[in-house]
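Chemist: let me see the structure of the following:
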Amino acid sequence: MNILFLCTSNLNRSKTAEKHFATKEPHIHFRSAGLSKKECKRNGTILCTEEMLVWADLIYVMEAEHIRRIEEYTGTKYRDKILNLDIPDVYQYFDHELIEQLEARRKEMQFEELFARIETPTSHVSALRLFQVSGKELAKTFKPNGIYNEQNDTDAPNIHPTNSSLTQDKPDKESQ
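Modeler: The predicted structure is shown next:
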């Protein structure tokens with residue numbers, strides 16, 4: 001599974017989240033980036049690209065403003081991958097309180113993220129990776145409306161993951 005953490009400048013919150021969870025969950029791939037070209041350039045940090053959004057199975061942002069910034073450049077095509085952790089920009093890198101906030105938010109959202117992601121068409125690949133099953137096996141046990149399916153293998157619908165690719169390059173805008 002690929003998880004991307006985003007904040008404004010990739011200086012404190014998202015970078016802390018990436019390093020903290022990479023240590024705790026080495027079987028998951030984590031990355032982080034900032035969403036402000038101006039702040040990332042000023043701080044010498046990583047600016048988010050659309051390639052990163054495509055790479056990620058889940059995208060955690062720190063504020064609702066971050067969702068707006070992503071949608072400003074890419075529309076709504078990544079919306080179903082995004083979860084807002086709602087962590088304000090008041091912490092320094094690896095602050096103990098920031099780690100506590102990240103842990104609390106992660107625990108609150110684990111089950112919601114699991115089942116919400118299965119119900120969306122673009123997250124089918126994530127569900128297959130998460131459960132390490134084939135599309136046919138997943139279809140046997142789950143329907144998008146949340147009802148468990150008792151069909152046998154021969155009756156299961158053939159589900160194919162969507163093929164995500166970049167459709168356009170848009171320049172990053174600096175924060176106002």
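Chemist: quick one, what contacts the residue lying closest to residue 61 once chain neighbours are set aside?
Modeler: Closest residue to residue 61 apart from its sequence neighbours, by CB to CB, 6 or more residues apart in numbering: residue 6 at 4.9 Å. For the C-beta atoms, the positions are set from N, CA and C on the backbone; glycine is no exception. Applying CB atoms under 8 Å, 6 or more residues apart in numbering to residue 6 gives the contacts 14, 32, 33, 34, 35, 48, 59, 60, 61, 62, 66, 70.
Chemist: same thing with residue 78?
Modeler: 53, 59, 70.
Chemist: just the element for the last one, please.
Modeler: In the assignment (DSSP states H and E), residue 70 maps to helix 64-74.
Chemist: can you point out the buried residues in the helix or strand following that helix?
Modeler: Using DSSP H and E, the helix or strand that directly follows helix 64-74 along the chain is strand 82-84. In terms of neighbour count (16 or more other CB atoms under 10 Å), strand 82-84 has its buried residues at 82, 83, 84.
Chemist: so the first one versus residue 95, what's the distance?
Modeler: Right, residue 82. 24 Å (CB to CB, to the nearest Å).
Chemist: coming back round to it: could the buried residues of strand 82-84 go into a markdown table alongside distance to residue 100?
Modeler: Below are the buried residues of strand 82-84 laid out as a markdown table (distance: CB to CB, whole Å):
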| residue | distance to residue 100 |
| --- | --- |
| 82 | 23 |
| 83 | 18 |
| 84 | 18 |
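Chemist: determine the three-state secondary structure at the nearest residue to residue 9 once chain neighbours are set aside.
Modeler: In space, and not counting its chain neighbours, residue 9 is closest to residue 39: 3.6 Å by CB to CB, 6+ apart. Using DSSP: H, G, I helix; E, B strand; the rest coil, the structure places residue 39 in helix.
Chemist: looking at residue 39 now. What's its pLDDT?
Modeler: The model reports residue 39 with a pLDDT of 97.
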